[in-house]
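*Asks:* Sequence plus the predicted model coming up.
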Amino acid sequence: MQAIPDIETDETDGVTPLRARIYQPARNAMQSGQAKTKTWVLEYAPASARAVDPLMGWTGSDDMNSQVRLTFDSLEAARKYAASHGIDAEITTPQKRKPNIRPGGYGDNFATNRKTVWTH
């Protein structure tokens with residue numbers, strides 16, 4: 001009979017701490033607007049690998065936290081939530097882009113005081 005090796009546990013009584021990522025979403029590449037980029041998002045890291053169903057070929061997982069996506073108004077609120085719930089959060093800071101604002105913008109194409117005729 002073989003002895004069962006001892007498994008090391010942390011202070012959380014054997015429960016592995018949740019891991020998550022906190023980030024600010026990027027702008028949609030298909031639009032020029034900045035909507036939905038002001039909030040901060042907390043997404044849980046996958047706890048288990050995905051598996052392919054042998055009958056249907058669907059990809060699935062038994063990890064329910066991978067479906068959770070929480071939004072916060074500020075980075076501090078997301079940090080506070082993660083700390084209070086014992087979530088090990090990795091914070092990704094966004095790269096700020098320079099706004100591309102043309103004088104006149106799209107409406108300048110239809111201005112009555114244009115110097116040249118606008119055609120296709």
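*Replies:* Looks like it came in fine. Computed from a prediction, not measured in an experiment: that's the story for all the values here.
*Asks:* Does A47 touch N65 like I think?
*Replies:* Yes: between A47 and N65 there is a contact under C-beta atoms under 8 Å: 6.5 Å. From N, CA and C alone the C-beta is placed, and that goes for glycine too.
*Asks:* pLDDT of stretch 93-104, averaged?
*Replies:* For stretch 93-104, mean pLDDT rounds to 77.
*Asks:* same thing with stretch 108-120?
*Replies:* In this model, stretch 108-120 carries a mean pLDDT of 74.
*Asks:* next one: stretch 41-50
*Replies:* On average, stretch 41-50 scores 89.
*Asks:* in it, what counts as buried?
*Replies:* For stretch 41-50, the buried set under the neighbour-count rule, 16 or more other C-beta atoms under 10 Å, comprises 41-44.
*Asks:* ok, now stretch 60-73?
*Replies:* Across stretch 60-73, burial judged by 16+ other C-beta under 10 Å covers 70, 72.
*Asks:* Give me the contact list for it.
*Replies:* With contact meaning C-beta atoms under 8 Å, 6 or more residues apart in numbering, stretch 60-73 is reached by 18, 39-44, 46-51, 53, 78, 81.
*Asks:* now the helices for this structure?
*Replies:* Taking DSSP state H as the criterion, the chain contains helices spanning 75-84.
*Asks:* Right, I'll call it a day here.
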